[in-house]
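Q: got a predicted structure plus its sequence, pasted below:
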Amino acid sequence: MANEFPQNREGTANSRHANLTSSLDLSTSLDHSVRTRIFKIIVIGDSNVGKTCLTFRFTGGAFPCKTEATIGVDFREKAVEIEGEKIKVQVWDTAGQERFRKSMVEHYYRNVHAVVFVYDVTKMASFQNLKTWIQECNGHGVSSSVPRVLVGNKCDLVDQIQVPSNTALKFADSHNMLLFETSAKDPKESQNVDSIFMCLACRLKAQKSLIYRDVEREDGKVRLTHQPDPKSNCLC
Amino acid sequence: MESWKSHVRAELFHRDCRQRDPFSGLFDKVSRLEEMLDFHIKLWQGSSKENGSSKCPDKGGTLYLRVNEVEFLNQQLKQKISDLTSNIYLKEAELQYCHSQVARYRTEAVLLAQGASCLKSDLEEYEYQLECQSKELTALRLEHNTLREELAATKLQKEQLLDRWLEEKKEEAERINKHNATQERWQRLTGRLKKRYRGRSRPTPCAANSSSDIKPTEPKI
Ligand SMILES: Nc1nc2c(ncn2[C@@H]2O[C@H](COP(=O)(O)OP(=O)(O)OP(=O)(O)O)[C@@H](O)[C@H]2O)c(=O)[nH]1
Ligand SMILES: [Mg+2]
């Protein structure tokens, strides 16, 4: 037992050194992580409309060959850069089936930054149910300033379309939402899927720039950016 | 009909039955004698017609009668023999036919016996199979029951796991929400601090920090 002390003392010295470097790392990474803003976007809609596929297309860049019904919620993230700022888009792929979601609905809506309502263009019922979804959203105190978009999925099934574009457009207009008609499956639509989330991220960034100002370092000088970057990769 | 009449009729019928046999030989004899008498009368009439033309050596005609009688009997016997011979042929043919029938029935019987024994062995086989299958069935029923019980248990377990999964998801969601909230608070705080700091003095850029800024971030799923 006694001869453990010197070792311990040495160990303490080492760990102190390590602590010093790690705290440096920590502050750097902390600074980095603190500077990366998170936008929480929830994806809502009937079961089987393709919420999981859409979110996977955005975050993973592919169409999943097989999906199971989502239980509770799946979290997906994608780091994007808008006007030079790195932003983490945190997508909450929620469950459409009542039994898999009822116990955690309140968590979906807490501090949500944007909402994506999804329906299946080949299933009229999924479009008609949007009213219920919007009611649920409003019922959970989501303010009207939280941006919302409407997404009609499965547009690749051209000959099975049941929801006409103008009907969807009217509905979106009446609820002050943007409408995207797309397909998570069709690789040609990949950009369109990305643009749904990027559009929201852009709007959120524009909305929140008053709360948080990004500090950019350039040529060893600090510069405040009030104007959006001209090389913006915002898609909307 | 009055009963005494029917009684008399029945009694007469019985008497006839009883008395026919003892008299049958007598009747035969009478009919034979009648036949012979007819023959004699015919012969007599014939001989009396011929009497005038030819003379008979036999005075009384007894011999003549005798010869003709024998002839007649001879004829009768011949007829009988030929009848009997044809009867024998007929019987022989019948017998042959019966033999062939017997042979046919025998082979048929043999075949049937063979079939019966086959069927019997089949039956035994089937009985054995039935027994095996009934045993199997009971075993399967037992297995089915245990599987059903297992299924119910698994279903219950699945439900429990699902509940646990949901509970964990809920906790994770809570954690992430908390993390998001902390992050946002931090950002607001650092923003304010930086503003205040910049207000007081002009800061010099830190090389270590700038390198950390351009760390690439991988998309996570
Ligand atoms: N043709 C076609 N099929 C799609 C598309 N998107 C999803 N699907 C199919 O739709 C089915 C359901 O997709 P999911 O993404 O699991 O549906 P979900 O909305 O997440 O369902 P829940 O998790 O139960 O709420 C799957 O079989 C997908 O392959 C699409 O764009 N086109
Ligand atoms: Mg899903």
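A: Good, I have the coordinates. Numbering: from 1, shown residues only, chains lettered A, B, ... in the order given. Ligands and ions are numbered 1, 2, ... in the order given.
Q: and the residue in chain A that chain B sits nearest to, how close does it get to A:Gln90?
A: Closest contact between chain A and chain B, by C-beta to the nearest C-beta, is at A:Gly72 (3.1 Å). Using the backbone N, CA and C atoms, a C-beta is placed for each residue, glycine as well. Going from A:Gly72 to A:Gln90 by C-beta to C-beta, to the nearest Å gives 16 Å.
Q: again, but for A:Thr59
A: For A:Thr59, the distance to A:Gln90 equals 10 Å [C-beta to C-beta].
Q: between the two, which contacts overlap?
A: Both A:Thr59 and A:Gln90 are contacted by A:Arg76, A:Glu77, under the criterion C-beta atoms under 8 Å, 6 or more residues apart in numbering or on different chains.
Q: and B:Ser31, how far from ligand 1?
A: From B:Ser31 over to ligand 1 the distance is 114 Å, taken as C-beta to the nearest ligand atom, to the nearest Å.
Q: next, the residue of chain A closest to chain B: phi, psi?
A: As for A:Gly72, its main-chain torsions (degrees, to the nearest 10) stand at phi 70, psi -90.
Q: what average pLDDT does whichever strand or helix holds A:Val43 get?
A: Assigned by DSSP states H and E, A:Val43 belongs to strand A:37-45. Across strand A:37-45, the average pLDDT comes to 95.
Q: same question for stretch A:125-138.
A: So the average pLDDT for stretch A:125-138 ends up being 96.
Q: what's the burial count for residue 162?
A: In the absence of a named chain, this looks at chain A. Counted with other C-beta atoms under 10 Å in any protein chain shown, residues neighbouring A:Gln162 total 14.
Q: to clarify, I was referring to chain B.
A: Residues within reach of B:Leu162, counting by other C-beta under 10 Å, total 14.
Q: can you check A:Asp186 too?
A: Neighbour count for A:Asp186, taken as other C-beta under 10 Å: 16.
Q: am I right that it is in contact with A:Leu157?
A: No - using C-beta atoms under 8 Å, A:Asp186 is not in contact with A:Leu157, being 9.8 Å away.
Q: which neighbours do those two share?
A: Contacts common to A:Asp186 and A:Leu157, judged by C-beta under 8 Å, 6+ apart, are absent.
Q: the residue of chain A closest to chain B: what's it in contact with?
A: Residues near A:Gly72 by C-beta under 8 Å, 6+ apart: A:Ala95, A:Phe100, A:Arg101, A:Ser103, A:Met104, B:Trp165, B:Leu166, B:Lys169, B:Lys170, B:Ala173.
Q: phi and psi next, for the nearest residue to it once chain neighbours are set aside.
A: Distance criterion C-beta to C-beta, 6 or more residues apart in numbering or on different chains; nearest residue to A:Gly72, sequence neighbours excluded, is B:Lys169 at 3.1 Å. Backbone geometry at B:Lys169, expressed as degrees, to the nearest 10, gives phi -60, psi -40.
Q: which residues does B:Lys169 contact?
A: A:Ile71, A:Gly72, A:Val73, A:Met104.
Q: about what we covered before: just among the contacts of A:Gly72, which is most surrounded?
A: Highest neighbour count within the contacts of A:Gly72, by other C-beta under 10 Å: A:Ala95, with 24 neighbours.
Q: my guess is that residue contacts A:Ser47. True?
A: Yes - here A:Ala95 reaches A:Ser47: they are 7.4 Å apart, a contact under C-beta under 8 Å.
Q: between the two, what contacts are shared?
A: By C-beta under 8 Å, 6+ apart, the residues touching both A:Ala95 and A:Ser47 are A:Ala69.
Q: I'd assumed A:Val163 was in a strand, is it?
A: No - assigned with DSSP: H, G, I helix; E, B strand; the rest coil, A:Val163 falls outside any strand and is coil.
Q: and it, what's its pLDDT?
A: A:Val163 carries a pLDDT score of 96 in this model.
Q: can you tell me the SS state at A:Arg76?
A: Under three-state DSSP, the three-state class of A:Arg76 is strand.
Q: interface residues of chain A facing ligand 2?
A: Contact residues (C-beta under 5 Å from the ion) of chain A with ligand 2: A:Lys51, A:Thr52, A:Thr70.
Q: quick one: which of these is nearest A:Phe171?
A: Proximity of the residues of chain A next to ligand 2 to A:Phe171 (C-beta to C-beta) peaks at A:Lys51, which lies at 18.3 Å.
Q: for that closest one, give its distance to B:Lys135.
A: Distance, A:Lys51 to B:Lys135, by C-beta to C-beta: 54 Å.
Q: compare these two and say which is more crowded by neighbours.
A: Legend: neighbour count by other C-beta under 10 Å for A:Lys51 and B:Lys135, higher for A:Lys51 (29 against 10).
Q: I figured the more buried one hits A:Asp93, correct?
A: Yes - with contact defined as C-beta under 8 Å, A:Lys51 reaches A:Asp93; the gap is 5.6 Å.
Q: which residues are common contacts for these two?
A: Common contact partners of A:Lys51 and A:Asp93 (C-beta under 8 Å, 6+ apart): A:Val43, A:Thr70.
Q: pull the contacting residues for A:His113.
A: A:Phe39, A:Lys40, A:Ile41, A:Val146, A:Pro147, A:Leu200, A:Leu204 are the contacts of A:His113 under C-beta under 8 Å, 6+ apart.
Q: one more pass at 7 Å, please.
A: Residues in contact with A:His113 (C-beta atoms under 7 Å, 6 or more residues apart in numbering or on different chains) are A:Phe39, A:Lys40, A:Ile41, A:Val146, A:Leu204.
Q: for it, give me phi and psi.
A: Dihedral angles (degrees, to the nearest 10) for A:His113: phi -100, psi -30.
Q: and if you look at A:Asn111?
A: Dihedral angles (degrees, to the nearest 10) for A:Asn111: phi 50, psi 40.
Q: what's around it, how many residues?
A: Count around A:Asn111 with other C-beta under 10 Å applied: 14.
Q: I figured it hits A:Phe39, correct?
A: No - the pair A:Asn111 / A:Phe39 is not scored as a contact, 10.8 Å apart, by C-beta atoms under 7 Å.
Q: which residues touch A:Ser165?
A: For A:Ser165, the contact set (C-beta under 7 Å, 6+ apart) comprises A:Glu181.
Q: how about B:Val70?
A: Contacts for B:Val70 (C-beta under 7 Å, 6+ apart) come out as none.
Q: nice, that's everything, thank you.
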